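Trainee: Next come a sequence and a model predicted from it.
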Amino acid sequence: MANESNTPKRTDVNTLGEFGLIDHLTQRFPLHHRSSVKGIGDDAAVIDHQGAFTVVSTDMLVEGIHFDLMYTPLKHLGYKAVVVNLSDIYAMNAIPQQIMVSVALSNRYSVEAMEELYEGIRTACSVYNVDLIGGDTTSSPKGLVISVTAIGKGHKERLTYRNTAKVGDLICITGNLGAAYMGLQILEREKQIYLSDPELQPTLEGHDYLLERQLKPEARKDMIEAFAKADLVPTAMIDISDGLGSELFHIAKQSGVGVLLEESGVPIHEDAQFQAIDFNMDPITVALSGGEDYELLFTVDPKDLDKVKYMADIYIAGEIVPAEDGVKLNSKGGKLHDITAQGWKHFDPSKN
């Protein structure tokens, strides 16, 4: 007979009800900011930003489209759901301060499962110093849906948009690209192997960096702080969530400019390069069309070159050119290629 003490506790969410579940999951979320006048518990949250510009962004994650729970721990999922939204606020050169989280879940999710999800949310709130101030829960006929709204503030003269890049500006990229996508490829490969033979154990050793970039990404809060310290205001900025190529097209289209990207200037992590080659993929293609890196792509006026070149983890990767020159990649071999904005297609079988 099985030892009942080893059986995980499972509490049906219906035993708590909607408001009971909200109270249960959010009771350990203290407010960090005086600007959070009213948090959870009323019809709406109240935020006092004392005259500063309020910046709001929202994003939704859908089970089977944006995440696969076969290899995504719920705690990691909660953390990532917050981070991907905070990244949008940082991409405006603003500081996030509050989030709202809405969840739709089917009856296969227990209270304990939701506790795991919200523990990841709580950890992200602590790491990035943001307040959970509200949200909603509802039932779903199938699976799990998470919607997060991030709210931040920024000073009018420092807010950075996508449509303000100028010809002659330098193109800069933070961190490195491609690792998150290669982490996903490894997880998808091991999933398929497991489905074909459940007796086989996954082979994940040696891929820690790639897997962490996929399962637990980080937003570049440090870069926004570095910009402020260096008194640097980018001329345009966007976060790299859908692949570098797609983000370059956003800036080019909205600013009415062209792009000349130097392949030699695109930072790709060594592990991502080796894994791409192992999967018969071109590393630069992975960087351009992969996704979920959550690094920052930004442009700066050439007069700010001295500020940028001495900042850590920033790479100068090209130049903004006239619109008629198009969006081009100058390969390491010296040939110009058109960049195509394929964007990020979650779990697209053609990319496996």
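Mentor: Cool, the structure landed.

Trainee: Which of the helices or strands spans V82?
Mentor: Using DSSP states H and E, the element containing V82 is helix 74-90.

Trainee: Next SSE downstream of that helix?
Mentor: Counting by DSSP H and E, what follows helix 74-90 is strand 95-105.

Trainee: by how many degrees do that following strand and helix 74-90 diverge?
Mentor: On the basis of axes from the mean of the first three to the mean of the last three C-alpha atoms, to 10 degrees, strand 95-105 is oriented at 140 degrees to helix 74-90.

Trainee: After strand 95-105, which helix or strand is next?
Mentor: Later in the chain than strand 95-105, the nearest helix or strand by DSSP H and E is helix 111-128.

Trainee: what about that next one, distance to the chain center?
Mentor: Distance of helix 111-128 from its chain centroid, counting by C-alpha atoms, centre = their mean, to the nearest Å, is 17 Å.

Trainee: helices or strands up against the helix holding V82?
Mentor: Of the remaining helices and strands, those touching helix 74-90 by 3 or more C-beta pairs under 8 Å, 6 or more residues apart in numbering; DSSP states H and E are strand 53-62, strand 95-105, helix 111-128, strand 144-154, helix 221-230, strand 236-240. Placement of C-beta: from N, CA and C, glycine included.

Trainee: what comes up buried for the fifth one?
Mentor: Within helix 221-230, the residues that qualify as buried by neighbour count (16 or more other C-beta atoms under 10 Å) are 221, 223-224, 226-227.

Trainee: tell me the contacts of the residue nearest the centre of the chain?
Mentor: Nearest to the geometric centre of the chain sits V84, at 3.1 Å (C-alpha atoms, centre = their mean). By C-beta atoms under 8 Å, 6 or more residues apart in numbering, the contact list for V84 reads 59, 61, 148, 217, 219, 241, 292, 294.

Trainee: likewise G39?
Mentor: Neighbouring residues of G39 by C-beta under 8 Å, 6+ apart: 29, 31, 45, 131-134.

Trainee: hmm, 10 Å instead?
Mentor: G39 makes contact with 26, 29-31, 45-47, 98, 100, 131-134, according to C-beta atoms under 10 Å, 6 or more residues apart in numbering.

Trainee: can you check T54 too?
Mentor: By C-beta under 10 Å, 6+ apart, T54 lies in contact with 35, 47, 94, 97-98, 151-154.

Trainee: Could you single out the nearest of those to Y79?
Mentor: Nearest to Y79 among these: Q98, at 17.0 Å, using C-beta to C-beta.

Trainee: I'd like to know how many residues surround the nearest residue to the closest one once chain neighbours are set aside.
Mentor: Closest residue to Q98 apart from its sequence neighbours, by C-beta to C-beta, 6 or more residues apart in numbering: I151 at 4.3 Å. Using other C-beta atoms under 10 Å as the criterion, I151 is surrounded by 25 other residues.

Trainee: And I151, what's its pLDDT?
Mentor: Per-residue confidence (pLDDT) for I151: 94.

Trainee: how near is H76 to T164?
Mentor: H76 sits 35 Å away from T164, going by C-beta to C-beta, to the nearest Å.

Trainee: So if I had to pick from the two, which one is more boxed in?
Mentor: A count of neighbours by other C-beta under 10 Å puts H76 above the other of H76 and T164, at 21 against 16.

Trainee: residues contacting the residue nearest to that one when sequence neighbours are not counted?
Mentor: Closest residue to H76 apart from its sequence neighbours, by C-beta to C-beta, 6+ apart: L215 at 4.7 Å. With contact taken as C-beta under 10 Å, 6+ apart, L215 is in contact with 67, 71-73, 75-77, 79-80, 180, 183-184, 187.

Trainee: Is it correct that the residue nearest to Q98 is in contact with L132?
Mentor: No - with contact defined as C-beta atoms under 10 Å, I151 does not count as touching L132 (11.0 Å).

Trainee: ok, back up a step: derive a ChimeraX selection command for the buried subset of the contacts of T54.
Mentor: A single ChimeraX command selects the buried members of the contacts of T54 (16+ other C-beta under 10 Å):
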select :35,47,94,97,98,151,152,153,154
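
Trainee: Among the contacts of T54, pick out the one closest to L260, please.
Mentor: Among those, A94 lies closest to L260 (C-beta to C-beta), at 28.7 Å.
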